[in-house]
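[1] Sharing a model prediction with you, sequence too.
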Amino acid sequence: MTTDYLVLGSGIAGLSFALEAAESGRVLVCTKRQAEESNTRYAQGGIATVLDREDSFDLHVNDTLKAGAGLCRRDRVELCVRAGPDRIRWLVEQGVRFTRMSRNAAIEFDFGREGGHSRRRILHVEDLTGREVERALLDHARSHPRIEIWEDHMGVDLWRDRDGSGKARVRGAFVIDRRSGEVHVVGARATVLATGGAGKVYLYTSNPDVATGDGVAMAYRAGAPVANLEFYQFHPTCLYHPKAKSFLISEALRGEGGLLRRLDGTRFMEKYHPDAELAPRDVVAHAIDHEMKQTGDDYVLLDMTHLDARMLEKRFPNILETCLGFGVDMRHEPIPVVPAAHYSCGGVVTDEHGATPLAGLYAVGETACTGVHGANRLASNSLLEALVFAHRAAEHSKAALDTLPAPEEGEVPHWMHVGETSRSDGGPAGAPRETVMVTQDWDEVRRLMWNYVGIVRSVRRLLGARRRLDLLSAEVREYVLSSPLTPDLAELRNIVTVASLIVESALSRQESRGLHFVVDYPDRDDARFARDTILWAGVHPVMAV
Ligand code: SIN
(Lines give C-alpha, C1' and ligand atoms only; values in the text may rest on other atoms or scores of the structure.)
Protein backbone atom coordinates (compact mmCIF):
# COMPACT_ATOMS: atom_id res chain seq x y z
CA MET A 1 0.00 0.00 0.00
CA THR A 2 1.35 3.44 -0.85
CA THR A 3 -0.23 6.84 -0.37
CA ASP A 4 0.76 10.49 -0.39
CA TYR A 5 0.09 11.15 3.28
CA LEU A 6 -0.02 8.57 6.05
CA VAL A 7 -1.59 9.89 9.26
CA LEU A 8 -1.34 7.83 12.44
CA GLY A 9 -4.13 8.90 14.78
CA SER A 10 -7.64 10.23 14.36
CA GLY A 11 -8.03 13.01 16.95
CA ILE A 12 -8.29 16.71 16.21
CA ALA A 13 -4.66 16.94 15.01
CA GLY A 14 -4.73 13.92 12.69
CA LEU A 15 -8.13 14.66 11.18
CA SER A 16 -7.60 18.37 10.64
CA PHE A 17 -4.27 17.57 8.96
CA ALA A 18 -5.97 14.92 6.82
CA LEU A 19 -8.78 17.21 5.70
CA GLU A 20 -6.40 19.94 4.60
CA ALA A 21 -3.78 17.67 3.05
CA ALA A 22 -6.47 15.87 1.04
CA GLU A 23 -6.70 19.01 -1.10
CA SER A 24 -3.45 17.91 -2.74
CA GLY A 25 -3.21 14.13 -2.45
CA ARG A 26 -4.45 10.81 -1.12
CA VAL A 27 -4.52 10.41 2.64
CA LEU A 28 -4.61 7.21 4.67
CA VAL A 29 -5.56 7.61 8.34
CA CYS A 30 -4.67 4.62 10.53
CA THR A 31 -6.28 4.53 13.94
CA LYS A 32 -5.94 1.92 16.67
CA ARG A 33 -9.60 1.35 17.52
CA GLN A 34 -12.76 3.06 16.23
CA ALA A 35 -11.90 6.40 14.66
CA GLU A 36 -13.86 8.32 17.35
CA GLU A 37 -11.73 6.91 20.14
CA SER A 38 -9.08 9.55 20.79
CA ASN A 39 -8.06 11.92 23.57
CA THR A 40 -9.84 14.70 21.68
CA ARG A 41 -13.20 13.05 22.25
CA TYR A 42 -12.78 13.33 26.02
CA ALA A 43 -11.77 17.01 26.06
CA GLN A 44 -14.45 18.79 28.01
CA GLY A 45 -13.26 22.35 28.66
CA GLY A 46 -12.77 23.75 25.20
CA ILE A 47 -10.47 25.78 22.99
CA ALA A 48 -8.75 28.92 24.24
CA THR A 49 -8.76 31.73 21.72
CA VAL A 50 -8.96 35.51 21.50
CA LEU A 51 -12.27 36.53 19.96
CA ASP A 52 -13.73 38.74 22.65
CA ARG A 53 -13.48 42.53 22.42
CA GLU A 54 -12.18 42.72 25.98
CA ASP A 55 -9.38 40.26 25.30
CA SER A 56 -6.11 40.62 23.38
CA PHE A 57 -3.44 38.41 21.81
CA ASP A 58 -0.89 39.88 24.23
CA LEU A 59 -2.93 38.82 27.24
CA HIS A 60 -3.32 35.27 25.96
CA VAL A 61 0.40 35.11 25.09
CA ASN A 62 1.34 36.37 28.56
CA ASP A 63 -0.96 33.90 30.33
CA THR A 64 0.58 31.04 28.30
CA LEU A 65 4.14 32.17 29.07
CA LYS A 66 3.37 32.58 32.77
CA ALA A 67 1.86 29.09 33.06
CA GLY A 68 4.79 27.63 31.08
CA ALA A 69 7.27 28.65 33.84
CA GLY A 70 10.00 30.05 31.61
CA LEU A 71 10.19 27.24 29.07
CA CYS A 72 7.69 28.28 26.38
CA ARG A 73 9.12 29.52 23.10
CA ARG A 74 7.66 33.00 22.75
CA ASP A 75 7.73 32.89 18.92
CA ARG A 76 5.71 29.65 18.84
CA VAL A 77 3.25 30.92 21.44
CA GLU A 78 2.71 34.15 19.46
CA LEU A 79 2.21 32.20 16.27
CA CYS A 80 -0.24 29.81 17.92
CA VAL A 81 -2.30 32.46 19.70
CA ARG A 82 -2.53 34.74 16.66
CA ALA A 83 -3.63 31.90 14.37
CA GLY A 84 -6.42 30.90 16.79
CA PRO A 85 -9.34 32.93 15.39
CA ASP A 86 -8.74 31.66 11.83
CA ARG A 87 -8.66 28.07 13.01
CA ILE A 88 -11.89 28.57 14.93
CA ARG A 89 -13.53 29.95 11.78
CA TRP A 90 -12.35 26.82 9.97
CA LEU A 91 -13.87 24.61 12.66
CA VAL A 92 -17.16 26.50 12.41
CA GLU A 93 -17.06 25.90 8.63
CA GLN A 94 -16.60 22.20 9.35
CA GLY A 95 -19.85 22.32 11.32
CA VAL A 96 -18.67 22.59 14.94
CA ARG A 97 -21.56 24.14 16.91
CA PHE A 98 -19.93 26.14 19.69
CA THR A 99 -22.19 27.20 22.55
CA ARG A 100 -23.49 30.72 22.08
CA MET A 101 -25.35 33.16 24.29
CA SER A 102 -27.23 36.36 23.77
CA ARG A 103 -25.21 39.39 24.74
CA ASN A 104 -25.83 43.05 23.96
CA ALA A 105 -28.82 42.04 21.84
CA ALA A 106 -26.63 39.78 19.70
CA ILE A 107 -25.89 36.08 19.70
CA GLU A 108 -22.20 35.64 20.49
CA PHE A 109 -19.88 32.86 21.56
CA ASP A 110 -20.13 31.94 25.20
CA PHE A 111 -16.62 32.26 26.64
CA GLY A 112 -15.72 30.01 29.55
CA ARG A 113 -12.97 30.63 32.08
CA GLU A 114 -10.28 28.27 33.34
CA GLY A 115 -7.23 28.37 35.60
CA GLY A 116 -4.34 30.63 34.55
CA HIS A 117 -6.46 32.69 32.11
CA SER A 118 -6.78 36.39 32.86
CA ARG A 119 -9.90 36.63 30.67
CA ARG A 120 -12.88 34.50 29.71
CA ARG A 121 -11.71 33.03 26.39
CA ILE A 122 -12.59 29.32 26.28
CA LEU A 123 -14.89 28.41 23.40
CA HIS A 124 -16.82 25.31 24.26
CA VAL A 125 -19.73 23.10 23.31
CA GLU A 126 -21.40 22.76 26.70
CA ASP A 127 -18.99 20.35 28.45
CA LEU A 128 -18.59 18.08 25.43
CA THR A 129 -16.30 20.17 23.23
CA GLY A 130 -14.02 17.36 22.13
CA ARG A 131 -16.89 15.05 21.22
CA GLU A 132 -18.46 17.69 18.99
CA VAL A 133 -15.15 18.57 17.29
CA GLU A 134 -14.44 14.89 16.70
CA ARG A 135 -17.94 14.34 15.28
CA ALA A 136 -17.68 17.22 12.83
CA LEU A 137 -14.19 16.38 11.57
CA LEU A 138 -14.89 12.68 11.29
CA ASP A 139 -18.11 13.28 9.32
CA HIS A 140 -16.09 15.19 6.74
CA ALA A 141 -13.16 12.79 6.71
CA ARG A 142 -15.43 9.75 6.28
CA SER A 143 -17.14 11.21 3.25
CA HIS A 144 -14.02 12.69 1.64
CA PRO A 145 -13.15 10.96 -1.64
CA ARG A 146 -9.39 11.23 -1.02
CA ILE A 147 -9.34 10.11 2.60
CA GLU A 148 -9.34 6.47 3.59
CA ILE A 149 -9.62 5.47 7.26
CA TRP A 150 -8.33 2.16 8.52
CA GLU A 151 -9.74 1.45 11.97
CA ASP A 152 -8.11 -1.15 14.24
CA HIS A 153 -4.71 -0.44 12.68
CA MET A 154 -1.90 0.58 14.96
CA GLY A 155 1.47 2.04 13.94
CA VAL A 156 4.27 -0.27 15.07
CA ASP A 157 7.41 1.34 13.71
CA LEU A 158 8.41 3.93 11.16
CA TRP A 159 9.95 2.89 7.86
CA ARG A 160 13.18 4.83 7.79
CA ASP A 161 15.93 4.90 5.17
CA ARG A 162 18.55 7.33 3.87
CA ASP A 163 18.46 9.53 0.81
CA GLY A 164 21.26 9.67 -1.80
CA SER A 165 23.34 11.97 0.42
CA GLY A 166 22.99 9.72 3.47
CA LYS A 167 20.38 11.84 5.26
CA ALA A 168 17.82 9.91 7.33
CA ARG A 169 14.25 10.16 6.13
CA VAL A 170 10.91 8.51 6.86
CA ARG A 171 9.05 6.78 4.02
CA GLY A 172 5.98 5.44 5.82
CA ALA A 173 5.26 3.00 8.62
CA PHE A 174 4.58 -0.59 9.60
CA VAL A 175 1.05 -0.97 10.90
CA ILE A 176 -0.53 -3.94 12.61
CA ASP A 177 -4.12 -4.97 11.95
CA ARG A 178 -5.52 -5.58 15.43
CA ARG A 179 -8.07 -8.09 14.18
CA SER A 180 -5.89 -10.34 12.03
CA GLY A 181 -2.51 -9.62 13.65
CA GLU A 182 -1.03 -9.04 10.19
CA VAL A 183 1.57 -6.31 9.77
CA HIS A 184 1.31 -4.12 6.64
CA VAL A 185 3.89 -1.75 5.27
CA VAL A 186 2.43 1.57 4.18
CA GLY A 187 4.70 3.72 2.03
CA ALA A 188 4.03 7.48 2.05
CA ARG A 189 5.63 10.70 0.91
CA ALA A 190 4.78 12.32 4.23
CA THR A 191 4.08 10.52 7.51
CA VAL A 192 2.31 12.27 10.36
CA LEU A 193 2.40 11.18 13.99
CA ALA A 194 -0.84 12.28 15.61
CA THR A 195 -1.21 9.49 18.13
CA GLY A 196 -2.06 11.69 21.13
CA GLY A 197 -0.67 11.37 24.62
CA ALA A 198 0.64 8.69 26.95
CA GLY A 199 -1.60 8.85 30.02
CA LYS A 200 -1.67 5.05 30.19
CA VAL A 201 1.91 5.18 31.41
CA TYR A 202 0.34 6.09 34.77
CA LEU A 203 -2.02 4.02 36.90
CA TYR A 204 -4.64 6.78 37.11
CA THR A 205 -5.31 8.89 34.07
CA SER A 206 -8.07 10.91 32.48
CA ASN A 207 -6.99 9.48 29.11
CA PRO A 208 -8.70 6.66 27.21
CA ASP A 209 -7.00 3.27 26.77
CA VAL A 210 -5.52 4.24 23.40
CA ALA A 211 -3.14 6.81 24.97
CA THR A 212 0.03 4.70 25.09
CA GLY A 213 2.58 7.16 23.71
CA ASP A 214 2.97 5.28 20.43
CA GLY A 215 4.08 8.30 18.39
CA VAL A 216 6.79 9.37 20.83
CA ALA A 217 8.12 5.81 21.16
CA MET A 218 8.14 5.22 17.39
CA ALA A 219 9.84 8.55 16.69
CA TYR A 220 12.47 7.93 19.35
CA ARG A 221 13.24 4.46 17.96
CA ALA A 222 13.55 5.96 14.48
CA GLY A 223 16.12 8.48 15.70
CA ALA A 224 14.04 11.64 16.11
CA PRO A 225 14.70 13.84 19.15
CA VAL A 226 12.06 14.05 21.89
CA ALA A 227 11.86 16.86 24.46
CA ASN A 228 10.51 17.89 27.87
CA LEU A 229 8.90 14.58 28.74
CA GLU A 230 9.39 15.21 32.47
CA PHE A 231 6.55 17.73 32.27
CA TYR A 232 3.61 15.38 32.56
CA GLN A 233 0.54 17.33 33.51
CA PHE A 234 -1.76 15.95 36.21
CA HIS A 235 -5.29 17.26 35.99
CA PRO A 236 -6.24 18.38 39.49
CA THR A 237 -9.81 17.10 39.44
CA CYS A 238 -10.94 13.67 38.29
CA LEU A 239 -13.90 11.94 39.89
CA TYR A 240 -12.89 9.77 42.83
CA HIS A 241 -15.00 6.63 42.62
CA PRO A 242 -13.86 3.00 42.36
CA LYS A 243 -15.75 2.51 39.09
CA ALA A 244 -15.23 5.94 37.50
CA LYS A 245 -11.87 5.24 35.79
CA SER A 246 -10.68 8.81 36.50
CA PHE A 247 -13.58 10.58 34.81
CA LEU A 248 -12.51 14.20 34.19
CA ILE A 249 -14.22 16.98 36.14
CA SER A 250 -13.46 19.95 33.92
CA GLU A 251 -11.49 22.93 35.13
CA ALA A 252 -14.39 24.96 33.76
CA LEU A 253 -16.29 24.08 36.97
CA ARG A 254 -13.75 26.03 38.97
CA GLY A 255 -13.96 28.71 36.25
CA GLU A 256 -17.65 29.09 37.09
CA GLY A 257 -17.00 29.36 40.83
CA GLY A 258 -16.35 25.80 42.08
CA LEU A 259 -14.43 25.68 45.37
CA LEU A 260 -11.95 23.07 46.58
CA ARG A 261 -12.37 21.92 50.16
CA ARG A 262 -10.89 19.39 52.55
CA LEU A 263 -13.27 16.70 53.77
CA ASP A 264 -13.94 18.83 56.88
CA GLY A 265 -15.26 21.57 54.58
CA THR A 266 -12.36 24.07 54.90
CA ARG A 267 -10.99 25.73 51.78
CA PHE A 268 -7.25 25.49 51.18
CA MET A 269 -6.29 26.96 47.78
CA GLU A 270 -5.88 30.54 49.09
CA LYS A 271 -2.82 29.30 51.03
CA TYR A 272 -1.10 28.26 47.82
CA HIS A 273 -1.78 30.99 45.23
CA PRO A 274 -3.45 34.41 45.04
CA ASP A 275 -5.73 33.10 42.28
CA ALA A 276 -6.83 30.24 44.59
CA GLU A 277 -8.93 27.69 42.61
CA LEU A 278 -8.00 29.44 39.36
CA ALA A 279 -4.25 29.15 39.84
CA PRO A 280 -2.33 27.37 37.05
CA ARG A 281 -2.90 23.65 36.93
CA ASP A 282 0.52 22.60 38.30
CA VAL A 283 -0.10 24.66 41.44
CA VAL A 284 -3.60 23.24 42.02
CA ALA A 285 -2.57 19.60 41.46
CA HIS A 286 0.42 20.04 43.76
CA ALA A 287 -1.73 21.68 46.45
CA ILE A 288 -4.29 18.85 46.37
CA ASP A 289 -1.52 16.27 46.56
CA HIS A 290 -0.03 18.09 49.54
CA GLU A 291 -3.38 18.37 51.34
CA MET A 292 -4.15 14.68 50.80
CA LYS A 293 -0.75 13.72 52.19
CA GLN A 294 -1.24 15.98 55.24
CA THR A 295 -4.75 14.82 56.09
CA GLY A 296 -4.30 11.20 55.00
CA ASP A 297 -7.54 11.49 53.02
CA ASP A 298 -7.93 9.70 49.70
CA TYR A 299 -9.55 12.68 47.97
CA VAL A 300 -10.65 16.30 48.33
CA LEU A 301 -13.99 17.92 47.48
CA LEU A 302 -15.04 20.18 44.64
CA ASP A 303 -18.02 22.14 45.87
CA MET A 304 -20.55 23.53 43.39
CA THR A 305 -23.54 23.52 45.73
CA HIS A 306 -23.56 27.33 46.22
CA LEU A 307 -24.03 27.86 42.45
CA ASP A 308 -27.27 28.10 40.53
CA ALA A 309 -28.55 24.58 39.82
CA ARG A 310 -30.00 25.62 36.45
CA MET A 311 -26.67 27.05 35.34
CA LEU A 312 -25.00 23.74 36.27
CA GLU A 313 -27.58 21.74 34.31
CA LYS A 314 -27.18 23.91 31.22
CA ARG A 315 -23.42 24.38 31.27
CA PHE A 316 -22.32 20.92 32.46
CA PRO A 317 -24.94 18.38 31.36
CA ASN A 318 -22.44 15.60 30.72
CA ILE A 319 -20.57 15.97 34.01
CA LEU A 320 -23.82 16.27 35.94
CA GLU A 321 -25.27 13.15 34.35
CA THR A 322 -22.09 11.10 34.68
CA CYS A 323 -21.69 12.02 38.35
CA LEU A 324 -25.36 11.18 38.97
CA GLY A 325 -24.64 7.78 37.46
CA PHE A 326 -22.07 7.31 40.24
CA GLY A 327 -24.49 8.53 42.91
CA VAL A 328 -23.15 12.10 43.25
CA ASP A 329 -25.53 15.01 42.61
CA MET A 330 -23.28 18.03 42.31
CA ARG A 331 -26.21 20.41 42.70
CA HIS A 332 -26.62 19.30 46.30
CA GLU A 333 -23.34 17.69 47.41
CA PRO A 334 -19.64 18.26 46.71
CA ILE A 335 -17.85 16.02 44.18
CA PRO A 336 -15.00 13.83 45.51
CA VAL A 337 -11.96 14.50 43.31
CA VAL A 338 -8.31 13.47 42.91
CA PRO A 339 -5.58 14.41 40.44
CA ALA A 340 -4.77 12.03 37.54
CA ALA A 341 -2.27 12.00 34.66
CA HIS A 342 -3.73 14.10 31.89
CA TYR A 343 -1.41 15.59 29.29
CA SER A 344 2.16 15.30 28.06
CA CYS A 345 3.65 18.77 27.62
CA GLY A 346 6.70 17.25 25.92
CA GLY A 347 6.88 15.13 22.81
CA VAL A 348 8.62 14.77 19.45
CA VAL A 349 10.63 17.91 18.67
CA THR A 350 9.15 19.86 15.77
CA ASP A 351 9.81 23.15 14.03
CA GLU A 352 7.21 25.85 13.41
CA HIS A 353 5.71 23.72 10.62
CA GLY A 354 5.24 20.59 12.71
CA ALA A 355 8.20 19.00 10.88
CA THR A 356 10.69 16.79 12.73
CA PRO A 357 14.39 16.66 11.82
CA LEU A 358 13.68 13.42 9.88
CA ALA A 359 12.64 14.37 6.35
CA GLY A 360 9.10 13.27 5.58
CA LEU A 361 8.09 12.98 9.25
CA TYR A 362 5.73 15.39 10.99
CA ALA A 363 4.35 15.28 14.53
CA VAL A 364 1.25 17.20 15.62
CA GLY A 365 -1.01 17.52 18.65
CA GLU A 366 -0.06 16.02 22.00
CA THR A 367 2.58 13.82 20.33
CA ALA A 368 4.63 16.89 19.44
CA CYS A 369 6.74 19.33 21.41
CA THR A 370 6.26 22.62 19.54
CA GLY A 371 7.52 24.89 22.32
CA VAL A 372 4.05 26.28 23.10
CA HIS A 373 3.43 24.57 26.44
CA GLY A 374 6.80 24.89 28.16
CA ALA A 375 6.88 23.38 31.65
CA ASN A 376 3.12 23.51 32.18
CA ARG A 377 0.37 23.80 29.59
CA LEU A 378 -2.23 26.51 30.05
CA ALA A 379 -5.74 25.01 30.23
CA SER A 380 -7.52 24.59 26.88
CA ASN A 381 -4.43 25.52 24.86
CA SER A 382 -4.05 21.92 23.68
CA LEU A 383 -6.83 21.74 21.09
CA LEU A 384 -5.74 25.18 19.88
CA GLU A 385 -2.12 24.09 19.47
CA ALA A 386 -3.20 20.88 17.72
CA LEU A 387 -5.33 22.81 15.23
CA VAL A 388 -2.75 25.48 14.49
CA PHE A 389 0.22 23.17 13.99
CA ALA A 390 -1.75 20.53 12.08
CA HIS A 391 -2.75 23.30 9.69
CA ARG A 392 0.84 24.51 9.38
CA ALA A 393 2.08 20.94 8.86
CA ALA A 394 -0.52 20.40 6.12
CA GLU A 395 0.51 23.63 4.36
CA HIS A 396 4.18 22.75 4.65
CA SER A 397 3.88 19.16 3.48
CA LYS A 398 1.62 20.15 0.57
CA ALA A 399 4.29 22.60 -0.59
CA ALA A 400 7.06 20.01 -0.05
CA LEU A 401 5.20 17.07 -1.58
CA ASP A 402 7.11 17.12 -4.87
CA THR A 403 10.41 16.96 -3.02
CA LEU A 404 9.32 13.95 -0.94
CA PRO A 405 9.78 10.87 -3.11
CA ALA A 406 6.86 8.49 -3.54
CA PRO A 407 7.96 4.97 -2.53
CA GLU A 408 8.40 2.74 -5.56
CA GLU A 409 7.04 -0.82 -5.65
CA GLY A 410 10.46 -2.48 -5.30
CA GLU A 411 11.61 -0.26 -2.43
CA VAL A 412 8.92 -1.20 0.08
CA PRO A 413 10.57 -3.35 2.77
CA HIS A 414 9.14 -6.62 4.05
CA TRP A 415 8.08 -6.86 7.65
CA MET A 416 10.66 -9.03 9.41
CA HIS A 417 10.07 -9.91 12.98
CA VAL A 418 12.60 -12.21 14.55
CA GLY A 419 10.10 -13.42 17.17
CA GLU A 420 8.10 -15.18 14.43
CA THR A 421 10.88 -17.68 13.89
CA SER A 422 12.67 -18.14 17.20
CA ARG A 423 11.85 -18.34 20.89
CA SER A 424 14.76 -17.75 23.25
CA ASP A 425 12.90 -19.36 26.18
CA GLY A 426 12.59 -22.69 24.37
CA GLY A 427 8.87 -22.24 23.58
CA PRO A 428 7.67 -23.09 20.09
CA ALA A 429 8.65 -20.56 17.41
CA GLY A 430 5.79 -18.28 16.49
CA ALA A 431 3.78 -19.00 19.67
CA PRO A 432 2.47 -15.84 21.31
CA ARG A 433 3.71 -14.80 24.72
CA GLU A 434 1.34 -15.71 27.56
CA THR A 435 -1.03 -12.79 27.97
CA VAL A 436 -0.61 -12.75 31.74
CA MET A 437 3.08 -11.82 31.37
CA VAL A 438 2.22 -8.85 29.18
CA THR A 439 -0.53 -7.63 31.54
CA GLN A 440 1.72 -8.10 34.57
CA ASP A 441 4.37 -5.84 33.03
CA TRP A 442 1.74 -3.28 32.00
CA ASP A 443 0.50 -3.08 35.61
CA GLU A 444 4.00 -2.88 36.98
CA VAL A 445 5.00 0.03 34.76
CA ARG A 446 1.85 1.99 35.51
CA ARG A 447 1.98 1.49 39.28
CA LEU A 448 5.69 2.24 39.38
CA MET A 449 5.20 5.49 37.45
CA TRP A 450 2.31 6.52 39.71
CA ASN A 451 4.20 5.85 42.94
CA TYR A 452 7.70 6.94 41.92
CA VAL A 453 7.31 9.51 39.13
CA GLY A 454 4.10 11.36 40.09
CA ILE A 455 3.30 14.93 41.11
CA VAL A 456 6.06 15.12 43.73
CA ARG A 457 9.33 13.36 42.92
CA SER A 458 12.59 12.58 44.69
CA VAL A 459 15.93 11.57 43.24
CA ARG A 460 15.81 8.36 45.24
CA ARG A 461 12.46 7.34 43.80
CA LEU A 462 13.49 8.35 40.29
CA LEU A 463 16.62 6.20 40.54
CA GLY A 464 14.48 3.33 41.84
CA ALA A 465 12.14 3.78 38.89
CA ARG A 466 15.08 3.72 36.49
CA ARG A 467 16.40 0.46 37.96
CA ARG A 468 13.02 -1.24 37.72
CA LEU A 469 12.32 0.08 34.25
CA ASP A 470 15.69 -1.23 33.07
CA LEU A 471 14.65 -4.72 34.21
CA LEU A 472 11.23 -4.39 32.63
CA SER A 473 12.80 -3.11 29.41
CA ALA A 474 15.09 -6.11 29.23
CA GLU A 475 12.12 -8.41 29.77
CA VAL A 476 9.98 -6.70 27.15
CA ARG A 477 12.86 -6.77 24.71
CA GLU A 478 13.14 -10.50 25.22
CA TYR A 479 9.40 -10.85 24.50
CA VAL A 480 9.70 -8.75 21.36
CA LEU A 481 12.64 -10.80 20.13
CA SER A 482 11.03 -14.12 20.82
CA SER A 483 7.28 -13.87 20.21
CA PRO A 484 5.08 -12.74 17.37
CA LEU A 485 4.21 -9.09 17.71
CA THR A 486 0.70 -8.51 19.05
CA PRO A 487 -0.95 -5.10 19.52
CA ASP A 488 -0.75 -5.54 23.32
CA LEU A 489 2.95 -6.29 23.14
CA ALA A 490 3.51 -3.32 20.81
CA GLU A 491 1.72 -1.05 23.32
CA LEU A 492 3.66 -2.49 26.24
CA ARG A 493 6.90 -1.82 24.36
CA ASN A 494 5.78 1.78 23.86
CA ILE A 495 4.74 2.48 27.44
CA VAL A 496 8.02 1.05 28.75
CA THR A 497 9.92 3.26 26.32
CA VAL A 498 7.96 6.40 27.17
CA ALA A 499 8.15 5.70 30.92
CA SER A 500 11.94 5.35 30.63
CA LEU A 501 12.15 8.59 28.66
CA ILE A 502 10.08 10.42 31.31
CA VAL A 503 12.34 9.12 34.07
CA GLU A 504 15.55 10.01 32.23
CA SER A 505 14.24 13.49 31.49
CA ALA A 506 13.18 13.93 35.13
CA LEU A 507 16.57 12.79 36.43
CA SER A 508 18.43 15.18 34.17
CA ARG A 509 16.46 18.24 35.36
CA GLN A 510 17.99 18.98 38.75
CA GLU A 511 15.59 21.74 39.71
CA SER A 512 11.84 22.21 40.24
CA ARG A 513 9.88 24.02 37.57
CA GLY A 514 6.27 23.89 36.42
CA LEU A 515 5.03 20.32 36.49
CA HIS A 516 8.35 18.87 37.57
CA PHE A 517 8.78 19.09 41.35
CA VAL A 518 11.70 17.27 43.00
CA VAL A 519 12.05 17.48 46.78
CA ASP A 520 15.86 17.33 46.50
CA TYR A 521 15.91 20.45 44.27
CA PRO A 522 12.89 22.50 45.39
CA ASP A 523 13.92 25.72 43.58
CA ARG A 524 13.93 26.83 40.00
CA ASP A 525 17.45 27.19 38.61
CA ASP A 526 17.37 29.43 35.55
CA ALA A 527 21.15 29.61 35.31
CA ARG A 528 21.41 25.88 34.57
CA PHE A 529 18.00 24.71 33.43
CA ALA A 530 16.19 27.40 31.47
CA ARG A 531 16.34 25.03 28.49
CA ASP A 532 14.55 22.07 27.00
CA THR A 533 15.46 18.51 28.00
CA ILE A 534 16.20 16.78 24.72
CA LEU A 535 16.71 13.02 24.40
CA TRP A 536 17.89 11.47 21.20
CA ALA A 537 18.53 7.76 20.69
CA GLY A 538 21.87 8.37 18.95
CA VAL A 539 23.19 10.38 21.91
CA HIS A 540 21.10 9.25 24.89
CA PRO A 541 20.24 5.59 24.35
CA VAL A 542 17.68 5.23 27.13
CA MET A 543 16.85 1.64 26.31
CA ALA A 544 16.86 -0.65 23.37
CA VAL A 545 13.44 -2.29 23.26
C1 SIN B 1 -10.68 20.48 31.35
O2 SIN B 1 -11.79 20.59 30.87
O3 SIN B 1 -10.41 20.75 32.51
C4 SIN B 1 -9.57 20.00 30.47
C5 SIN B 1 -9.15 21.06 29.58
C6 SIN B 1 -7.69 20.92 29.27
O7 SIN B 1 -7.07 19.91 29.57
O8 SIN B 1 -7.15 21.88 28.72
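    Thanks, I have it. A quick note: this is a predicted structure, and the numbers were derived from the prediction, not measured.

[2] Going by C-alpha atoms from here, please, whenever you check contacts or count neighbours.
    Will do.

[3] what does the stretch 1-150 of the chain put close to the ligand?
    Residues of the stretch 1-150 of the chain lying close to the ligand (CA under 6 Å from any ligand atom) are Ala43, Gln44, Gly45.

[4] and with 8 Å instead?
    Neighbours of the ligand within the stretch 1-150 of the chain, by CA under 8 Å from any ligand atom: Ala43, Gln44, Gly45, Gly46, Ile47, Glu114, Asp127.

[5] and which of those residues is nearest to Glu408?
    Proximity of these to Glu408 (CA to CA) peaks at Ala43, which lies at 40.1 Å.

[6] Run a quick check on the closest one versus Thr129, I expect a contact.
    Yes: counting by CA atoms under 8 Å, Thr129 is a contact partner of Ala43 at 6.2 Å.

[7] Against Ile495, how distant is Asn451?
    Per CA to CA, to the nearest Å, Asn451 is found 16 Å from Ile495.

[8] Pick out whichever of the two has more residues nearby.
    Neighbours were counted for Asn451 and for Ile495 using other CA atoms under 10 Å; Ile495 has more, 26 against 16.

[9] From Thr295, how far out is the more buried one?
    In terms of CA to CA, Ile495 sits 33 Å off from Thr295.

[10] which of the residues of the stretch 1-150 of the chain next to the ligand are buried?
    Neighbour counting with 16 or more other CA atoms under 10 Å marks Ala43, Gln44, Gly45, Gly46, Ile47, Glu114, Asp127 as buried within these.

[11] Could you export the residues you listed as CSV, including secondary structure and pLDDT?
    Below are these laid out as CSV (DSSP: H, G, I helix; E, B strand; the rest coil; pLDDT from 0 to 100):
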residue, secondary structure, pLDDT
Ala43, coil, 90
Gln44, coil, 92
Gly45, coil, 88
Gly46, coil, 95
Ile47, strand, 97
Glu114, coil, 94
Asp127, coil, 95
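
[12] Tell me the one of those residues nearest the ligand?
    Nearest to the ligand out of those is Gly45 (CA to the nearest ligand atom; 3.2 Å).

[13] Break down the stretch 351-500 of the chain into its helices, ranges please.
    Remark: helices assigned in the stretch 351-500 of the chain by DSSP state H, counting those that start in this stretch are 382-400, 435-452, 459-482, 487-508.

[14] So for the ligand, which of the ones you listed sits nearest?
    Among those, helix 382-400 sits nearest to the ligand (CA to the nearest ligand atom), with 5.9 Å.

[15] Low-confidence regions, the stretch 301-450 of the chain specifically.
    Along the stretch 301-450 of the chain, the parts satisfying pLDDT under 70 run over 417-433.

[16] can you give me the strands for it?
    For the stretch 301-450 of the chain, applying DSSP state E, counting those that start in this stretch gives strands covering 335-344, 347-349, 361-363, 368-369.

[17] These: which one's closest to the ligand?
    Each of these has some distance to the ligand by CA to the nearest ligand atom; the shortest is strand 335-344, at 7.1 Å.

[18] Show me the contact partners of that closest one.
    With contacts defined as CA atoms under 8 Å, 6 or more residues apart in numbering, strand 335-344 is touched by 197-199, 202, 204-207, 229, 231-241, 246, 249, 285, 288-289, 298-303, 328-329, 366-367.

[19] How about that strand and the ligand, touching?
    Yes: using CA under 8 Å from any ligand atom, strand 335-344 reaches the ligand at His342, Tyr343.

[20] and that strand with helix 382-400, angle?
    20 degrees (axes from the mean of the first three to the mean of the last three CA atoms, to 10 degrees).

[21] List the contacts of the closest residue to the ligand within the stretch 301-450 of the chain.
    Residue nearest to the ligand within the stretch 301-450 of the chain: Ser380 (3.3 Å; CA to the nearest ligand atom). Going by CA under 8 Å, 6+ apart, Ser380 touches Gly45, Gly46, Ile47, Ala48, Glu114, Ile122.

[22] Look up phi and psi at it.
    Dihedral pair for Ser380: phi 60, psi 20, per degrees, to the nearest 10.

[23] And it, how far from Leu259?
    Distance, Ser380 to Leu259, using CA to CA: 20 Å.

[24] thinking again about what came up before, wait, which of the contacts of Ser380 is closest to Ala190?
    Among these, and counting by CA to CA, the member closest to Ala190 is Ile47, at 27.7 Å.

[25] My guess is that closest one contacts Leu383. True?
    Yes: contact criterion CA under 8 Å: Ile47 and Leu383 qualify, at 5.8 Å.
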